[in-house]
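S.K.: Fold the following.
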Amino acid sequence: MLIINAVIHTMAGTTLEHGFIETEGRKIKRVGTMSELTEKEKADALDLNGGSVYPGFIDTHTHLGLIGDALGFESDDLNEMTNPVTPQLRAIDAINPLDYSLTEAVRAGVTTVVTGPGSANPIAGQMAAIKTHGVCVDDMIIKAPLAIKMALGENPKSVYHSRKESPSSRMATAAVIRDALAKAKEYLRKKQVGEEQDFDFSCEALIPLLKGEIPAHIHAHREDDILTAARLSKEFGFDYIIVHGTRGHLIANRLKQENIRIMSGPLLCDRSKPELKDLTPAAPAILKAEDIEVSIVTDHPVIPIQYLPLCAGLAAREGLSKEDALRAITIDAARIANIADYVGSIEVGKDADFSVFDSDPLTISAKPRMVFINGERVF
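M.R.: Numbers count the residues shown, from 1 in each chain. So this is what the prediction gives:
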């Protein structure tokens, strides 16, 4: 497929005012300017007549497909609140590709999401990066497991306090994580030297984290919880990204010293609990000013997935540059999620995921004219 006469926002450092994109199968084969094409090539192409093309948008933290749209418990597979340590749970076993919210994602130009279990458990399970179009999740996967989901602060504390079980404090939440990681570390040591031991599914699931093959995505709103995540990372030597970081902007300089990356959001919700009392859509701009890597997220269904571009636009209104706001849902998001080899920019060799807009995609009135995933027009 050849697409011509487009303004191509590659998000790779260049914008091609009179550009083309050629795809082959699922991938981008060529990107360039109209002057590089022959008249015959132009005659057989899809002419966008000056439309703007952007990489498919990426939401690096959602629960898309794990909570059924307009359904109750029957389709709610977000949290396994029977055990505080469940790293063996796999998001891909709960994702419903035909949930209507995935259709809404596509229609908003959101072509990739990171999705997985919620934040009830200190260690909740395995996140996955998937495309938003398909009928079988196995065909939609970019990477799974992508990360181990962990949670600090109010959520696990509240869940297990109401059950009169541990952990019901921040101390116990951190201790539960330490205990699980220490057991997995010893399990891995024995496995590496060939010592006999019983198979442990939970420890097996944590081995990729301890070996540096995948990071942890750690739910943390309050600034002290963010720094507890940093402390745990140092103790066990694993990589991590903070999910939400709602109050991180209050100590942005200190977070920079820890090289903390933040998946910022949701930005459109109310301050529904104490941890959110300093929530502000200015946070991405404040963090970015300290050179902290930031993506913008909806936490779907907290904010419905189709409003991801609007959340980026809100961050831009509150001080984030327009370019950085776009990057926060394209190439910077892909880098934070460690999937930039596949998505996030319009470059040769990457997946052919992009949308065509006739106006600024970060405004409330904008809707894509076309959406492509893996080289196929899906909207």
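
S.K.: hey, let's count contacts and neighbours off CA atoms from now on
M.R.: OK.

S.K.: quick one: the spatially closest residue to A283 that is not a sequence neighbour from R178, how far?
M.R.: Residue nearest to A283 in three dimensions, not counting chain neighbours: H249, with 5.5 Å by CA to CA, 6 or more residues apart in numbering. Distance check for H249 against R178: by CA to CA, to the nearest Å, it reads 27 Å.

S.K.: go on, I214?
M.R.: The spacing between I214 and R178, counted by CA to CA, is 18 Å.

S.K.: Tell me who's in contact with the closest residue to G237 other than its chain neighbours.
M.R.: Nearest residue to G237 in three dimensions, chain neighbours excluded: L210, at 7.0 Å (CA to CA, 6+ apart). Taking CA atoms under 8 Å, 6 or more residues apart in numbering as the contact definition, L210 lies against K185, F236, G237, F238.

S.K.: Give me the neighbour count for the third one.
M.R.: What that stands for is G237. 13 (other CA atoms under 10 Å).

S.K.: Over to it: give its phi and psi.
M.R.: Dihedral angles phi and psi of G237 (degrees, to the nearest 10) take the values phi 70, psi 30.

S.K.: Per-residue pLDDT of it, please?
M.R.: In the predicted model, G237 carries a pLDDT score of 98.

S.K.: what separates it from G212, distance-wise?
M.R.: Note on G237: its distance to G212, by CA to CA, is 8 Å.

S.K.: A337 now?
M.R.: Between A337 and G212 the distance is 14 Å, computed by CA to CA.

S.K.: The two - which one has more neighbours?
M.R.: Neighbours around A337 and G212, counted as other CA under 10 Å, are more numerous at A337. The numbers are 26 against 13.

S.K.: Please verify my assumption that G125 contacts P84.
M.R.: No - counting by CA atoms under 8 Å, G125 stays clear of P84, with 10.4 Å between them.

S.K.: How many neighbouring residues does the residue nearest to G212 when sequence neighbours are not counted have?
M.R.: Nearest non-adjacent residue to G212, counting by CA to CA, 6+ apart: F238, 6.1 Å away. Residues lying near F238 (other CA under 10 Å) number 18.

S.K.: In the sheet, which residues pair with the residue nearest to P55 when sequence neighbours are not counted? Tell me.
M.R.: Distance criterion CA to CA, 6+ apart; nearest residue to P55, sequence neighbours excluded, is F354 at 4.2 Å. The residues listed as beta-bridge partners of F354 by DSSP bridges are P55, F372.

S.K.: residues near F354, how many?
M.R.: 30.

S.K.: wait, it sits on V371?
M.R.: Yes - with contact taken as CA under 8 Å, F354 and V371 are classed as touching, separated by 6.0 Å.

S.K.: Give me the common contacts of these two.
M.R.: With CA under 8 Å, 6+ apart applied, the overlap between the contact sets of F354 and V371 consists of G56, G109.

S.K.: wait, what's in contact with D239?
M.R.: Taking CA under 8 Å, 6+ apart as the test, what D239 contacts is L209, G212, I214, P215, A216, S233.

S.K.: Report the two of those residues separated the most.
M.R.: I214 and S233 (12.8 Å; CA to CA).

S.K.: Can you pick out the residue with more neighbours from these two?
M.R.: For I214 versus S233, neighbours defined as other CA under 10 Å are more numerous around I214 (22 against 16).

S.K.: measure the residue nearest to G237 to A184 for me?
M.R.: Distance, L210 to A184, by CA to CA: 8 Å.

S.K.: Which of the three states applies to V106?
M.R.: Look at V106: counting by DSSP: H, G, I helix; E, B strand; the rest coil, its state is helix.

S.K.: what's near enough to touch the residue nearest to it when sequence neighbours are not counted?
M.R.: Nearest in space to V106, with sequence neighbours left out and distances taken as CA to CA, 6+ apart, is T132 at 6.3 Å. Applying CA under 8 Å, 6+ apart, we find T132 in contact with P97, L102, T103, A105, V106, V110, T111, T112, V113, M140.

S.K.: Which members of those residues are positioned in helices?
M.R.: When DSSP state H defines the helices, the subset of these inside them is L102, T103, A105, V106, M140.

S.K.: Helices of this protein, start to end?
M.R.: Using DSSP H, the helices of the chain run over residues 39-43, 100-107, 137-140, 154-162, 170-193, 201-210, 223-236, 252-257, 283-289, 308-317, 322-327, 331-336.

S.K.: and the residue positioned nearest the centre of the chain, what is it in contact with?
M.R.: In the chain, the centroid-proximal residue (CA atoms, centre = their mean) is T60; its distance is 0.9 Å. With contact taken as CA under 8 Å, 6+ apart, T60 is in contact with V113, V114, T115, M263, S295, I296, V297, A333, A334, I336, A337.

S.K.: Kindly state the beta-bridge partners for the third one.
M.R.: Put plainly, it is T115. Here T115, judged by DSSP bridges, has bridge partners T62, A128.
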